[in-house]
Each structure stands twice: as C-alpha cells, then as structure tokens.
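**Q** show me how the following folds:
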Amino acid sequence: MKPPDNPVRFTMSNSWILIETFGDGEPSVIGVGSSPKSFVPPRKVLRSSTSREEAVAAVAEALSTGAVVDRLSKDRVRRVVAEPLQTFAARTHGAWVWLGQRDETPPPRHAAGAWQFNLTNSTASGSDDLLDLYRVPQDERETQRALAGAFTRLVTNRDESEAMAKIVQSAPGTTHQAVWTVRRDDGELRAAHFSCRMIAEDGVSGTEVILRGITHDIGPAGEINIAPPPTILEHRVLEASTKEGEYRALVNLRTLNLLRWYNSEPAPDICWENLPGEPVPAIHPDDVPIAKQMSNALARERANGVLRFRTLDGNWKPMTIDAVLVSLDQHTTAALVTLTELCK
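**A** All right, here's what the predicted structure looks like:
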C-alpha cells in the first residue's frame, strides 16, 4: 500500500522532513514528521522557494560530507539542520531536514535508518540507526548478513508478493514503498514505512544490483491503520499445516538463494545467515545439479528430492526437499520449499 502523495502544507518549525538521495536524480520527500510520502518532489512539500533551496542545499552538503549540517540560512534569519542517514559502508541514503527560527530548538524526530540489499550477492547490510530502530543490543549487531536475515523482524503486508517479485527480477530503476510491521527486539510492534530503489553499480566481480533504502518508524503498529496485522489469514493456514520437523522457505529459482523463511523458524544447524565467523551457506557441490533439475521441473510439476546443506560446524546435513511453484506476479515465480529433517 503506497502512501498518498497529496500536497503538504505545514510549518517547517514543527516538522522534520525525510528526503531520500538513493539515485542520481532529484532527491524526493519520503516522509514528513510521522507521515509517509510517495517520492514527492520537494517543490510539492516546500512551497517557499527560499525554504526549498535551503533544504535541498543542506541535504546536498550532508550527502557530500556525511556530517550533520547545522547552520544559519543565507538571510541569517533561520536555522537549517540536516541529519544524514548512512549505511555501515558510509553511503548516505538521505537526510532528515528541519528549518526553524535562528534561536529555535528542533523538535524530537521519528527514528529512521538506512540499509541496502546486494541482490547480486544476496546479502543485506544496515546501519546503527536502523538497529537502534529495531532495538538490537550493541553486542548483537552485525554489519552484514544474508538477505533472508533482513526479514526476520518484519511482518509483511499484502504487497509481499510484489516486493519479492521485484527482488527476483532485480531490475535497476525499480522502486518500492510499503508499510510493514517491525517486531522490535524489545517485543514492541512498530509500523515502519520502507522506501527503496534498485541501482546498478560497479562491484568487485562486475556490475551488481544494489537495493538502497530507508526505513521510517511511523508509530505503534496498533495505531496505524495501514500497518499489517501480526498474522494474516493465509499465514495462519500455512502455520497450521506445518508439521514438526518441517521448515518452509521462499527460494529464488534463478539463483537458488534463500529469499526468506516463510512462516516457520529457520532449519536448525543449517548455515543461512552468512555471518562473520560462520561457514558460507551452500548446497553441497555434488547436489547443485540435482537442485537445478528440481528447479527446472517446477515448470511442469512439484519437485522433491534430498539435498545436503552446509552446517554451522562445516559439515553437510541432508534434508528432504519438497518444492512447489508459486507466482509472485504475472511474470515472476519462486519456489515455496518445505525442508524436512531425515528420520534418524
């Protein structure tokens, strides 16, 4: 569900505005206070050309330096503040901006954090701002993990299939916005607005598709009517049909990479998080041809077999695989895989 992009009228001294700088084009507004916005041009939010120029210039300065901007406007009448949102790799994805009277103190602002998915390498990385939003303890913070790990705290909305289809397609220029529920580490459910854009960039092994985004906390989930409920009906049906020792996953058929665990806990002992100090997640090399055959067979029928997965201790664990084809949209499919531990 996309937020409305109606023109906004407000007093700058009462509101922070959230501006994204994901791509090479004009920055756009994705939030005003706690209200999500749908990639709105700054001119539709900041009616005053002088205020608009000050805000855009402050964002450009924050983007260039990576540091907080706190200065007087050109006319020396107003105070201009821009607080950049950076990933762990020090890439600035946007900034909170506030304009007020020169002696005025900015009000508290909502939490927001930058993040990125490397869709080519199937990895995810966030920022301290994002982990603050999630209330992750300092000793449990990782700078990078598997892409599937990014979904462990999220309760997705009805647009989940659309979002997953875009991840599978990985087409540069693609954008997505949604309000999903975050289950914070302290147990509180928060409504979060996600804004992101896919960009093709030069990487270590050639061109990589990077999904750059910002998560904006917009309030308690129970008070936001566009936030998804903790569990929607089809998720309950899947949970009810999952037997002990079964684990469900959504898998990218193009890469055989895990997209996310689906309505189940992760399979025990299997490497999947791609954390430092752990073995790299993998299917046994001898079983990769079998996995590809199963993937190809899904166009005609469900597929099943036994595959070995790398374990946390560096060994291989065989699991029974039962896979069915699922449609993410009219043109994109994935595999819903049920992994079952072999009887000992």
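**Q** going by C-alpha atoms from here, please, whenever you check contacts or count neighbours.
**A** OK.
**Q** wait, residue 16 sits on residue 33?
**A** Yes: under the criterion of C-alpha atoms under 8 Å, residue 16 makes contact with residue 33 at 5.3 Å.
**Q** what about residue 268, neighbour count?
**A** Using other C-alpha atoms under 10 Å, residue 268 has 12 neighbouring residues.
**Q** kindly report the same for residue 265.
**A** Using other C-alpha under 10 Å: residue 265 sits among 12 other residues.
**Q** use 59 as the first number from now on
**A** OK, 59 is where the count begins now, so the last one is residue 323.
**Q** how about it, nearest residue that isn't a chain neighbour?
**A** residue 305 (6.6 Å; C-alpha to C-alpha, 6 or more residues apart in numbering).
**Q** counting neighbours, what do you get for the one you found?
**A** By other C-alpha under 10 Å, neighbour count at residue 305 equals 21.
**Q** give me the contacts around the host helix or strand of it.
**A** Using DSSP states H and E, the element containing residue 305 is strand 304-309. Strand 304-309 is touched from outside by 315-325, 392-399, with contacts defined as C-alpha atoms under 8 Å, 6 or more residues apart in numbering.
**Q** and it, how far from the chain's centre?
**A** 20 Å (C-alpha atoms, centre = their mean, to the nearest Å).
**Q** residue 74 and residue 91: which is more packed in?
**A** Per other C-alpha under 10 Å, whichever of residue 74 and residue 91 has more neighbours is residue 74, with 24 against 16.
**Q** contacts only, for that one.
**A** 90-91, 154-156, 167.
**Q** is it true that residue 378 lies in a strand?
**A** Yes: Residue 378 sits within a strand when classified using DSSP: H, G, I helix; E, B strand; the rest coil.
**Q** wait, it touches residue 361, no?
**A** No: counting by C-alpha under 8 Å, residue 378 stays clear of residue 361, with 10.8 Å between them.
**Q** run a quick neighbour tally on residue 313.
**A** 12.
**Q** let me see the backbone angles for it.
**A** Torsion angles at residue 313 (phi, psi; degrees, to the nearest 10) stand at phi -110, psi -10.
**Q** just to revisit the earlier point, between residue 378 and residue 361, which one's more packed in?
**A** residue 361 (20 against 17).
**Q** partners of the more buried one in the sheet?
**A** With DSSP bridges as the criterion, residue 361 is bridged to residue 381.
**Q** show me what contacts it?
**A** Applying C-alpha under 8 Å, 6+ apart, the residues near residue 361 are 352-353, 355, 379-382.
**Q** quick check, pLDDT for it.
**A** Per-residue confidence (pLDDT) for residue 361: 94.
**Q** what's the answer for the one 3 residues further on, then?
**A** Residue 364 is assigned a predicted lDDT (pLDDT) of 97.
**Q** so it makes contact with residue 376?
**A** Yes: taking C-alpha under 8 Å as the definition, residue 364 is a contact partner of residue 376 at 6.4 Å.
**Q** ok so, going back, any idea which helix or strand comes after the strand holding residue 305?
**A** Next element after strand 304-309 (DSSP H and E): strand 316-319.
**Q** buried subset of the contacts of strand 304-309?
**A** 315-322, 324-325, 392-399 (16 or more other C-alpha atoms under 10 Å).
**Q** can you give me the buried ones in stretch 174-193?
**A** Residues 174-178, 180-193 are the ones in stretch 174-193 that count as buried (16+ other C-alpha under 10 Å).
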